[in-house]
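> Make a model of this:
(chains A, B, C and D)
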Protein chains: 2
Amino acid sequence: MRELPVPTLKDVALKSGVHVGTASRALSGDQYHLVSEATRARVRSVAEELGYSTNAVAQSLRKGTTGALGIVVADLDNSFIVAVIRGIEHESRGRDYMSLVAETQDDPRTLRDVVTRLLRNQVDAIILSAARVTDEEFVSELEQRVPVVLAVRGFTQASESEDDSRHVEVLQDDYVGSRAAANHLMALGHTRIAQLPGPPQIYSFAGRSEGYRAALALHPDVIDVSTGAFALESSLAEGRRLAADLLRLQPALRPTAIFAHNDLMAVGALDALRDAGLRCPVDVSVIGYNDAPLIDHIDPPLTTVRLPGFELGRHSARMAFSLIDGVTPTRSRIMLAPELVDRKSTTPPRQLA
Amino acid sequence: MRELPVPTLKDVALKSGVHVGTASRALSGDQYHLVSEATRARVRSVAEELGYSTNAVAQSLRKGTTGALGIVVADLDNSFIVAVIRGIEHESRGRDYMSLVAETQDDPRTLRDVVTRLLRNQVDAIILSAARVTDEEFVSELEQRVPVVLAVRGFTQASESEDDSRHVEVLQDDYVGSRAAANHLMALGHTRIAQLPGPPQIYSFAGRSEGYRAALALHPDVIDVSTGAFALESSLAEGRRLAADLLRLQPALRPTAIFAHNDLMAVGALDALRDAGLRCPVDVSVIGYNDAPLIDHIDPPLTTVRLPGFELGRHSARMAFSLIDGVTPTRSRIMLAPELVDRKSTTPPRQLA
DNA sequence: TTGAAAGCGCTAACAA
DNA sequence: TTGTTAGCGCTTTCAA
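Predicted structure coming up:
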């Protein structure tokens, strides 16, 4: 099956009649000018002929740098995260960097595991998009060993100023996004609203709760009928459970609008509504977060908040490269604004309709 | 930010008062028995204390093997593929292998690009899930340089026997899946059926076309009203376009059931139906392929074919390990059976209802 | 059971 | 402009 002996630089040098050092320079991206045009051409053609390709492992060992970026995500099965990864890759292309993508499934042990692996493999930087609030100490230690960019999930409360940020973060603004969601509902005339909070162990969800509450606080006539419970994971089943609890309240106390911390939970809420014989949006409006694929094709098409994943990835990569280059980035935190997408799952409450 | 000098084996050896060779053995997974228990314990505790972790780059260079698996996928934003990746990772865990995941976006140039990168990085094997029919020569060359497992997308026609297979393949049986889909429609009583074929440059879609036609061939009373056109990419928009073309036929010639080569195209077909003032499933039944997330929550919940992604990944990884170990796998081709999931988008045709 | 030494493939001083 | 040389951090053969 596989049998061709892989040619090394030495082979190329030999066949070109030059020393390996010269061959190295001739083939290198930034030292080729130290070689006469003639030899350079010869070496390159020999390399081509032999099918030579540089051994990145040897190169890395010698250079002390691998040209690899570690990307750690909680859940690969998430289009938003995939967009982030694509943004990173896009930005890496120009620098000829390679990404090592690892998934934690939101398990703290797995997180430590994959990070250890990445470290062993000498990645030049890590873009971490899987941190939970309890991981801050771990991340601080990690930052001693390798440049780290926190993407999507940070450790910064919305209320904190950039000055006291201890990490390099590229985030989507949960505070702004959730406020937009809440404001959308209130603008429609809803006065009894509830949120379905995602796991508070993830700052993003904490931020969404905060933004939601801040928005409601500005409207004394609006009351928050959230139960106080939160999802154990941001899944459809949990959204359904939380919503069902809410719907068990007596009708007069029930919310006329629900803000779910992500689309999957919103779909769960839709299921709960149906279970309770209620209809969306006529009886209860529902708004999600993320703008997942096909979420515009469910019944009813979901109003939600769209996140700038690709851009977020690009910024994260740029931040990482700054750190790698030893350039202190001008900003230690970048916040990108999400955007509300108005569809069919939100309308004015019935009494106003 | 980062400053701790990273300890090397030499540091550990020095502090332990042994030679690096001994330290290496003490820390190794399979040579530690060559070291006295006392020194082993000492070396290990020193390593721990220093926070030593082996430099995988140096280790790889010396060993000539990296413990890395290259995984090449066409589209990361695909839950089925993510399941495959997870299956691979699951199987890799025990062997302490690491995956390098790369995406081609189905672009042949990018495919060559990422494979080159993986090769430079000396991956021990490549699991390729992004091949197009025109890539067979490229893959054959690749197989000379590194063990290759074709996952999900192979080069094997459904009709070929395993004996003439030139590659190591782990596939989901498109032929069986598409036959199941067609049979489901025919069992419901449909006699005018059309398929919406995905790009034939991908063998999976070619296989689905074949299976579909084979199933219909067994029922002389059923006529295939497919237009013959196929999708340029397996997207919602293309599904919509193809379906719209079909619906322009005069009513008597129109299909009463449509088999879309994947769920996204099926959703596009649903849109086209709506555009044409037709309803699913009352006027036209629609069946998809893949069982994408949320596809059970669209309107109507889609009947589709579910694929064993995780298992497929596990088998792919096992195959790869066999090749790495130099063990000729007992089988050069594994075909996993998909499963039909009956939901609400398919019913008997109107005249029979 | 341990030490010594060579060398994986490459790059980058330094010298010529 | 090119050759020489040392060495990145590790593993492993060979000797002791």
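> Now A:R166. Its backbone dihedrals?
Dihedral pair for A:R166: phi -100, psi -10, per degrees, to the nearest 10.
> from what I can see it touches A:L150, true?
No. Assessed by Cβ atoms under 8 Å, A:R166 is found out of contact with A:L150, at 10.2 Å. Using the backbone N, CA and C atoms, a C-beta is placed for each residue, glycine as well.
> more neighbours, those two?
Higher neighbour count among A:R166 and A:L150: A:L150, with 28 against 13, using other Cβ atoms under 10 Å in any protein chain shown.
> pretty sure that one contacts A:I126?
No. Taking Cβ under 8 Å as the definition, A:L150 is not a contact partner of A:I126, at 9.5 Å.
> what does the model give the residue lying closest to A:R120 once chain neighbours are set aside for pLDDT?
Leaving aside its sequence neighbours, A:R120 sits nearest to B:A56 (Cβ to Cβ, 6 or more residues apart in numbering or on different chains; 4.3 Å). pLDDT for B:A56: 98.
> Pick out the residue in chain A sitting closest to DNA strand D.
Of all residues in chain A, the one sitting closest to DNA strand D is A:G21 (2.9 Å; Cβ to the nearest atom of the strand).
> Which phi and psi values does that residue adopt?
Dihedral angles of A:G21 (phi, psi; degrees, to the nearest 10) stand at phi -60, psi -50.
> And for A:R333?
Torsion angles, degrees, to the nearest 10, at A:R333: phi -150, psi 130.
> Identify the bridge partners of it.
A:E169 (DSSP bridges).
> Do a quick rundown of the strands in the stretch 151-300 of chain A.
A:169-172, A:192-196, A:223-224, A:257-260, A:285-287 (DSSP state E, counting those that start in this stretch).
> Pick the most buried one from those.
Ranked by mean neighbour count under mean count of other Cβ atoms under 10 Å in any protein chain shown, these are led by strand A:257-260, which reaches a mean of 32.
> Give the residue spans of chain A that score low on pLDDT.
Counting by pLDDT under 70, chain A contains low-confidence ranges at A:1-4, A:157-164, A:352-353.
> Report how many residues lie close to the nearest residue to A:R112 once chain neighbours are set aside.
Once flanking residues are discounted, A:R112 sits nearest to A:F138: 6.9 Å by Cβ to Cβ, 6+ apart. Using other Cβ under 10 Å, A:F138 has 16 neighbouring residues.
> For A:F138, give its distance to A:R109.
Using Cβ to Cβ, to the nearest Å, we find A:F138 at a distance of 11 Å from A:R109.
> same deal with A:L185?
From A:L185 over to A:R109 the distance is 39 Å, taken as Cβ to Cβ.
> tell me the domain boundaries of chain A?
What the record gives for chain A is the domain set A:9-54, A:66-172+A:308-338, A:174-307+A:340-352, from automatic domain parsing.
> before we move on, the earlier item: could you dump the strands of the stretch 151-300 of chain A to TSV with distance to A:S79?
Output for these, formatted as TSV (distance: least, Cβ to Cβ, whole Å):
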stretch	distance to A:S79
strand A:169-172	14
strand A:192-196	20
strand A:223-224	30
strand A:257-260	17
strand A:285-287	18
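> follow-up on the earlier one: neighbour-wise, which of A:L185 and A:R109 wins?
Neighbours were counted for A:L185 and for A:R109 using other Cβ under 10 Å; A:L185 has more, 29 against 8.
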